[in-house]
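[1] Quick one, what's the 3D model for this:
(2 chains)
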Amino acid sequence: MLAAADLNVAQNVGFGIIAAFMIVFALNVVRSSNVVHAALSLVAVMAGAAALYLLLAAEFVAVTQVLVYIGAVMILFLFGVMLTRARVGRETDLNNKSWALGIPVALLMLGIMAYVLIKGFGDDHLDPAAQVSTAELSDSIFKPFLLPFEALSFVLLAAVIGAIVLARKD
Amino acid sequence: MLVNEFLLLGAVLFCIGVYGVIARKNAVMVLMSIELILNSVNINLLAFSQLHNNLDGNVFALYIIAIAAAEVGVGLAMVLLIYRNRKSISLDELSDMKG
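    Alright, predicted model coming up:
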C-alpha cells in the first residue's frame, strides 16, 4: 500500500528516507541516556519535519519551523539542560520506575491509530496541484484568522511575562 | 503521494512522544517528548491541508508552532523554579499534592 501507484518515484523515495531518519532520531530522543544527545536528536527530528513540510509544498511553515524550533526552542532546551544540572554526560536514572508501562501503551495507541488511518484514508492521494503561496497564507492569517492571530499575540505576551516572573530571582 | 504515508508517520512520532512522556522522569525530557507530539500533529495538519487543497491547515500549523514556543518558555521557567527550590527536577519526587 505504501508503494504508491503514483508516478513521482523521487518524492516517495525522499519521503521514505526522511521518515526513517525522523523515526530513528525520535527513538533516540526518548531512549538516550544523555540529555544533551537527546536534545540534539530532537533538532534532527525538527529538521526532518521541516523537510517534510517542504515536500508538502508548505514553504512558509517550513521556514517558520526552522526559525522557531531549531533556532529558538532548542536554545531554550539547551539552556534548561545547562541550568538544571551540573554535569553534562551519561545519566543512569532518567527513566521512571514504571517506564516499561509506556511500551504497551504506545504500541496499543499506534495499532489503533494505524488501523483507523488505513481504514479511513486507504488510497487517498494528495492533490499534486495543491500549491500554497505565502501571499495567500498571509491573506488567510490577516483576514479570516485575524482575531485568533491577535489572541495568539496576547498569549505570547502573557507567556513572556509569566516566564520572567517565574524565573526571576528575588 | 498517498496521504496515509504522512498520517502514519505522524502516528508513529506521536506514539514515540507518548512513550517518552510516560517513561521519562526528568522534567526537561518530558517537555522534549511533548515537542515531538506537537510536531507529529503539525505533520498531520499540513497533510490534510494538502489533501483538501485548503489553507486553514497551514494557518493552524503556524499557530501550533507559536503556542509550542510559549509553552516551552513557561514550562522551562517552571522547571527552573522547581530546580531552584528542590535541587532536583525528578518528577517522581514532586508528590506534595498527593492526598
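
[2] Is stretch A:154-170 in proximity to chain B?
    Yes - with C-beta under 8 Å from any C-beta of the partner chain as the criterion, chain B is reached by stretch A:154-170 at A:V155, A:L156, A:A158, A:A159, A:V160, A:G162, A:A163, A:I164, A:L166, A:A167, A:K169. For every residue, glycine as well, the C-beta is placed using N, CA and C.

[3] Residues contacting that stretch, please?
    If you take C-beta atoms under 8 Å, 6 or more residues apart in numbering or on different chains as the criterion, stretch A:154-170 is touched by B:66-67, B:69-71, B:73-74, B:76-78, B:80-81, B:84.

[4] coming back round to it: now, of the residues of stretch A:154-170 next to chain B, which are buried?
    A:V155, A:A159, A:A163, A:L166, A:A167 (16 or more other C-beta atoms under 10 Å in any protein chain shown).

[5] Tabulate those (a markdown table), appending secondary structure.
    Compiled in a markdown table, these are given as follows (DSSP: H, G, I helix; E, B strand; the rest coil):
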| residue | secondary structure |
| --- | --- |
| A:V155 | helix |
| A:A159 | helix |
| A:A163 | helix |
| A:L166 | helix |
| A:A167 | helix |
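
[6] Turn these into CSV, including pLDDT and distance to A:V61.
    Below are those laid out as CSV (pLDDT from 0 to 100; distance: C-beta to C-beta, whole Å):
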residue, pLDDT, distance to A:V61
A:V155, 94, 19
A:A159, 93, 21
A:A163, 89, 25
A:L166, 86, 30
A:A167, 81, 30
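
[7] anything in stretch A:12-29 near chain B?
    Yes - using C-beta under 8 Å from any C-beta, stretch A:12-29 reaches chain B at A:N12, A:F15, A:A19, A:M22, A:I23, A:A26, A:L27, A:V29.

[8] between those residues, which has the most around it?
    A:A26 (28 neighbours; other C-beta atoms under 10 Å in any protein chain shown).

[9] Please put the alpha-carbon coordinates of the lowest-mean-pLDDT helix or strand in chain A into PDB.
    Of all helical and strand segments in chain A, the minimum by mean pLDDT, DSSP states H and E falls on helix A:74-84, at a mean of 87. Provided in PDB are the C-alpha atoms of helix A:74-84 (Å, rounded to 0.1, in the frame of the first residue of the first chain):
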ATOM      1  CA  MET A  74      16.200  24.300  21.000                       C
ATOM      2  CA  ILE A  75      18.300  27.000  22.500                       C
ATOM      3  CA  LEU A  76      15.800  27.200  25.400                       C
ATOM      4  CA  PHE A  77      16.100  23.500  25.900                       C
ATOM      5  CA  LEU A  78      19.900  23.600  26.000                       C
ATOM      6  CA  PHE A  79      19.700  26.400  28.500                       C
ATOM      7  CA  GLY A  80      17.200  24.400  30.500                       C
ATOM      8  CA  VAL A  81      19.600  21.400  30.500                       C
ATOM      9  CA  MET A  82      22.500  23.600  31.500                       C
ATOM     10  CA  LEU A  83      20.800  25.500  34.200                       C
ATOM     11  CA  THR A  84      19.200  22.400  35.900                       C
END
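
[10] What residues does the residue nearest the centre of chain A make contact with?
    By C-alpha atoms, centre = their mean, the mean C-alpha position of chain A lies nearest to A:M46, the distance being 5.3 Å. By C-beta under 8 Å, 6+ apart, the residues touching A:M46 are A:Q65, A:V66, A:Y69, A:I70, A:M74, B:E35, B:N39.

[11] which element is it on?
    helix A:35-55 (DSSP states H and E).

[12] cool, B:A11 as well?
    Assigned by DSSP H and E, B:A11 falls in helix B:3-23.
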